[in-house]
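In: Sharing a sequence plus its predicted fold:
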Amino acid sequence: MRWERFFEDLEDQLDSEWEAERAALDSETERLRVARLALRERLTAMLAHPGGEVAVDLVDGTAWSGRIVAVGADWIAMELGTRHPGIVLMPLPSIVAVSLTREDVLTSARDATPGAALAQRMTFGFALRDLARRRAPVTVAVTGGRSFVGTLDRAGADHADLALHDVDAPRRASSVTGYRVVAFSAVAWVRTEVATPLP
C-alpha cells in the first residue's frame, strides 16, 4: 500500500516538473517571437483588426490621428477622418511613437503578421510614384520642420521631384513657383490634399 502511494507521489512530481518545463519553454518561445517583431508587422496587425483612431508622433514633431488604411514595405498610410479629406503617408523611419489602447497594444503584439506579399513589396517610392501618376496635390514635410506644397512630378529610387505651387492651383507651368528634389530619407510625411485611394 505504501509503495503505491510512493509511486503516485513520484508520478505527481514528474507531471509537475514536465508542466513547469513546458511553461518555461512556452515563455521563452514567446519572448523570442516578440524579440523578432518589427513595427511594420504590428501596424499590419492593426489593419487586420481595425479599431478606433491611433495617434502617430513623427520626427518633425508632428502628430497625426486617424485610422491606418494601408501598410507598405516601409511606410503606412492614415486616413485623417472628417476634419481633413486627405491621406497621410509616413515612412516608417519617421515614426517616433504610436499611441494605442491597451487592447490594441496586446492585439498588435499577438497577431503581428508581415501581411500580403504584394504589400511587402510596395515601397515608399512606389506609393509616391502612384501619387505622381494621379497628379494629386500634396504637402511634403521634411525632418527639419519645413514643408513644401505642390505636385509630385516623378519619384526615383530614393528621391522625388516636387513642382511647387499653391495647393488650390492646378499644376501648370505658369503656376509653378519652383522645384524641389526631396530625398526620401528626409521626408517626415506626405499628405494628399484631396481624398485619394491608395495603390
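Out: Great, that's in hand.
In: Please enumerate the strands of this protein.
Out: Assigned by DSSP state E, the strands in the chain fall at 54-58, 63-71, 75-79, 87-91, 95-99, 137-142, 147-155, 159-164, 178-183, 187-192.
In: partners of the fifth one, with directions?
Out: By that I understand strand 95-99. When pairs are called by DSSP bridges, strand 95-99 turns out to pair with strand 54-58 (antiparallel).
In: and what of the last one?
Out: For strand 187-192, the paired strands and their directions (DSSP bridges) are strand 87-91 (antiparallel), strand 137-142 (antiparallel).
In: Now do that strand against strand 178-183, angle only.
Out: 130 degrees (axes from the mean of the first three to the mean of the last three C-alpha atoms, to 10 degrees).
In: for this protein, what helix or strand is lowest in average pLDDT?
Out: helix 2-35 (a mean of 65; mean pLDDT, DSSP states H and E).
In: Spit out the contact partners of the closest residue to residue 154 other than its chain neighbours.
Out: In space, and not counting its chain neighbours, residue 154 is closest to residue 161: 4.9 Å by C-beta to C-beta, 6 or more residues apart in numbering. In this view, the C-beta of every residue, glycine as well, is placed from N, C-alpha and C. When contacts are counted by C-beta atoms under 8 Å, 6 or more residues apart in numbering, residue 161 touches 152-155, 179-181.
In: Kindly report the same for residue 142.
Out: 60, 148, 182, 186-188.
In: where's residue 172 relative to residue 191, distance?
Out: Distance, residue 172 to residue 191, by C-beta to C-beta, to the nearest Å: 22 Å.
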